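> When you get a sec, could you give me coordinates for this:
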Amino acid sequence: MKGFGRYILFLGTLVVRMESFKTYYRLTLEECLQIGLKSVALVALVSSFMGAVTTVQTAYNMVSPLIPRYVISQVVREMTILELAPTIIAVIFAGKVGSSMAGGLGTMRITEQIDALEVMGINSTSYLVLPKIVASLLMYPLLVIVAGVCSMVAGYLVGGITGIITPTDYIYGIRFYFDDYSVTFAMIKSFVFAFLISSISSFKGYHTQGGALEVGIATTAAVTTSVIAVLSADYLLAQLLYVR
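Numbering: from 1, shown residues only. Below you'll find the predicted structure:
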């Protein structure tokens with residue numbers, strides 16, 4: 001509870017003694033480049049394999065001849081939109097981006113760069129952390145969209161190449177009885193996950209104490225805590241927003 005209280009107080013310091021809009025605009029664009037554009041290749045690779053594997057395994061487990069083949073792509077669609085794209089990519093995001101945030105802030109802490117900002121009268125929390133959180137909120141939903149598209153395209157290609165489902169049946173299953181709320185639900189999850197990962201990772205890195213060894217410990221703790229928070233939030237959001 002003590003750590004959670006420090007985390008809440010940490011979030012409160014993000015919006016006091018703020019710098020000019022121009023400063024945050026420049027810092028946020030830099031973070032968007034680091035967080036979003038440099039993660040696209042990894043996200044596309046992971047999501048493509050997820051879509052391909054889901055297609056093959058769904059087809060393998062459909063043993064009844066009474067089940068139409070288009071159900072394969074329908075399962076891929078629902079799995080991708082509701083879980084694989086927002087949640088699995090969040091774990092990847094925590095490992096790549098969250099660890100980078102924690103490590104960078106931890107290094108700045110032990111080298112006294114954060115203390116230097118405070119001496120100059122700058123709110124180091126707002127200056128260093130707020131752009132990271134805003135950039136994550138902007139870029140992670142876009143990464144989820146990229147992941148969803150890559151997953152379903154990979155399923156289409158694998159299904160056609162292996163012959164387990166025809167392209168016509170795959171497209172029909174993707175379009176069959178589509179609920180628009182699934183996309184809304186995925187976007188809500190993506191915003192929540194982005195905030196949790198960026199804020200928790202920044203909190204762990206900002207409060208690093210000691211030397212280089214402690215930076216590594218803080219980075220590991222940031223990834224572990226972020227993943228647990230994402231999985232917990234995934235369950236709570238499913239109960240609150242999707243169970244009918």
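
> which SSE is the most centrally placed residue in the chain in?
By CA atoms, centre = their mean, the mean C-alpha position of the chain lies nearest to Ala90, the distance being 3.1 Å. In this assignment (DSSP states H and E), Ala90 forms part of helix 89-93.

> Can you name the element that comes right after the longest helix anywhere in the chain?
The single longest helix within the chain, with elements called by DSSP state H, is helix 124-162. Per DSSP H and E, the first helix or strand lying C-terminal to helix 124-162 is helix 167-175.

> hang on, isn't Val75 packed against Thr58?
Yes. Under the criterion of CB atoms under 8 Å, Val75 makes contact with Thr58 at 4.8 Å. (C-beta placed from N, C-alpha, C; glycine too.)

> And the helix holding Ala90, how far out from the chain middle?
Its chain's average C-alpha position is 5 Å from that of helix 89-93, according to CA atoms, centre = their mean, to the nearest Å.

> Just the CA atoms of it, as PDB, please.
Listed next in PDB are the C-alpha coordinates belonging to helix 89-93 (Å, rounded to 0.1, in the frame of the first residue of the first chain):
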ATOM      1  CA  ILE A  89       1.100  -6.600 -27.700                       C
ATOM      2  CA  ALA A  90       0.900  -4.900 -24.300                       C
ATOM      3  CA  VAL A  91       3.300  -7.500 -22.800                       C
ATOM      4  CA  ILE A  92       5.700  -6.900 -25.800                       C
ATOM      5  CA  PHE A  93       5.300  -3.100 -25.200                       C
END
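
> pLDDT on it, on average?
Averaged over helix 89-93, pLDDT sits at 90.

> For Val46, grab the count of nearby residues.
For Val46, the count of nearby residues is 18 (other CB atoms under 10 Å).

> got a list of what it touches?
Residues near Val46 by CB atoms under 8 Å, 6 or more residues apart in numbering: Ile88, Ile89, Ile92, Ala147.

> excluding its backbone neighbours, what's nearest the first one?
Taking CB to CB, 6 or more residues apart in numbering, and ignoring the residues beside it in sequence, Ile88 has Met50 as its nearest neighbour in space, at 6.5 Å.

> For the strand or helix carrying the one you found, which residues meet the burial criterion?
Assigned by DSSP H and E, Met50 belongs to helix 40-61. Neighbour counts using 16 or more other CB atoms under 10 Å place 43-44, 46-48, 50-56, 58-59 of helix 40-61 among the buried residues.

> one step back: now do the buried residues in the longest helix of the chain.
Buried, per 16+ other CB under 10 Å, within helix 124-162: 124-141, 143-144, 146-152, 154-159.

> Now do that helix, average pLDDT.
89.

> Which strands and helices lie in contact with that helix?
If you count contacts as 3 or more CB pairs under 8 Å, 6 or more residues apart in numbering; DSSP states H and E, helix 124-162 packs onto helix 21-35, helix 40-61, helix 70-79, helix 89-93, helix 99-110, helix 113-119, helix 167-175, helix 181-206.

> Alright, calling it a day.
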